[in-house]
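Undergrad: What would the 3D arrangement of this be:
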Amino acid sequence: AGAASREPDWKRARRLASFVEHNAEYTLRPPLVPAERDATDFFLFESKRGYCTYFAGALTVLCRASGVPARVVSGFANPEWQTGVQGAWMGTIRAANAHAWTEVWIEGQGWTTLDATPADDRGDNAPSLFEGLGDTFKASLT
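TA: Alright, predicted model coming up:
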């Protein structure tokens with residue numbers, strides 16, 4: 001909504017990323033997707049709760065639906081950096097640093113990273129005790 005009919009792909013993709021980021025909640029314990037439902041549809045329009053792969057998948061589907069080439073990418077984010085041998089920087093990557101994001105194809109630039117996961121939750125997949133209790137409480141209410 002509100003996009004110009006000839007809005008550039010990058011601007012359109014950023015608008016979609018902002019929509020996904022601000023209309024869903026990050027959790028490592030999302031509700032189960034009903035067997036008869038499409039996972040992206042369920043995330044975007046009903047549960048609005050998930051982790052980075054939910055956000056990346058939803059943004060990719062929305063971009064493709066609006067004519068912007070997009071793909072899901074996975075890797076690691078936020079390694080713990082420290083000075084190593086002879087002053088070289090070394091990073092420790094843990095399973096909790098796993099992350100997924102979207103890349104969109106921008107003419108003249110190539111594949112460009114776009115992340116719809118809320119910024120505070122990118123590559124931090126180790127829930128604290130309080131987050132786990134909060135997720136359990138919320139799940140019991142639904």
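Undergrad: so where do the helices sit in the chain?
TA: Listed from the start of the chain, the chain has helices (DSSP state H) covering 9-22, 39-42, 52-65, 129-141.
Undergrad: Deepest-packed of the ones you listed, please.
TA: Compared across the helices of the chain, helix 52-65 shows the largest average neighbour count, a mean of 23 (mean count of other Cβ atoms under 10 Å). The C-beta positions use only the backbone N, C-alpha and C, and glycine is treated the same way.
Undergrad: what does that one contact?
TA: The contact list for helix 52-65, computed with Cβ atoms under 8 Å, 6 or more residues apart in numbering, reads 12-13, 16-17, 19-21, 24, 26, 30, 39-40, 43-44, 69-74, 99-102, 104, 114-118, 121-123, 125.
Undergrad: among the helices of the chain, which is nearest V85?
TA: Among the helices of the chain, helix 52-65 comes nearest to V85, with 32.5 Å by Cβ to Cβ.
Undergrad: relative to helix 9-22, how tilted is that closest one?
TA: Put simply, helix 52-65 runs at 140 degrees to helix 9-22, going by axes from the mean of the first three to the mean of the last three Cα atoms, to 10 degrees.
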